[in-house]
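Undergrad: Based on what follows, work out the 3D shape:
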Amino acid sequence: MKSKTGKSVFIVDDSAVVRDRLAQMISELPGVSLVGQADIAFDAINGLRRLQPAYAVLDISMPGGSGVHILETIKREQPALKVIMLTNFAQEPYRQKCLQLGADHFFDKTTEFERVLEVLRGPDGGKPTGSSAAPSLKP
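TA: Okay, here's the model as predicted:
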């Protein structure tokens, strides 16, 4: 169920505060629509499979699994899906693992939260990026 008006986004985070903040920010972007949310891995994978959004914003840590597992699973099934990792676990080993599994962007929640909007505003998801502490995910 891709958005007919533009970019469709699915948010995966166990924090209702983070999901609500992202949803509010996304609602203010023209041509971008929030098509779903999940707070646990099982619901995230099912929702991403069913809705097939253009973008997924994934946290790494959550009950019942991890964003890394979701990334691995969903990129196998939907390789064109643009994935934005937004996490408090912004250390290099996590960034590298997400890169290997196909993440397009990797941002630190505490310092780069609003960069998600930059990606969604950009044409075709913008250039792949890492956090400010890490170089671009893809050459």
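Undergrad: How about residue 62, nearest residue that isn't a chain neighbour?
TA: Nearest-residue entry for residue 62: residue 14, 4.1 Å, with adjacent residues in sequence omitted and distances by C-beta to C-beta, 6 or more residues apart in numbering. (C-beta placed from N, C-alpha, C; glycine too.)
Undergrad: Helices of this protein, residue ranges please.
TA: Remark: helices assigned in the chain by DSSP state H are 16-27, 41-51, 67-77, 92-100, 109-112, 115-121.
Undergrad: distance of the nearest residue to residue 23 once chain neighbours are set aside from residue 57?
TA: Among residues not flanking residue 23 along the chain, residue 34 sits closest, at 5.3 Å (C-beta to C-beta, 6+ apart). Separation of residue 34 from residue 57 (C-beta to C-beta, to the nearest Å) stands at 10 Å.
Undergrad: For these two, indicate the residue with more neighbours.
TA: Just comparing residue 34 and residue 57: by other C-beta atoms under 10 Å the higher neighbour count belongs to residue 57, 27 against 21.
Undergrad: Surely residue 89 touches residue 60?
TA: Yes: under the criterion of C-beta atoms under 8 Å, residue 89 is in contact with residue 60, at a separation of 4.6 Å.
Undergrad: still on that earlier bit, contacts only, for the residue nearest to residue 23.
TA: Listed by C-beta atoms under 8 Å, 6 or more residues apart in numbering, the contact partners of residue 34 are 8, 9, 10, 11, 22, 23, 26, 27.
Undergrad: and it, bridged to which residues?
TA: Note on residue 34: beta-bridge partners by DSSP bridges are residue 9.
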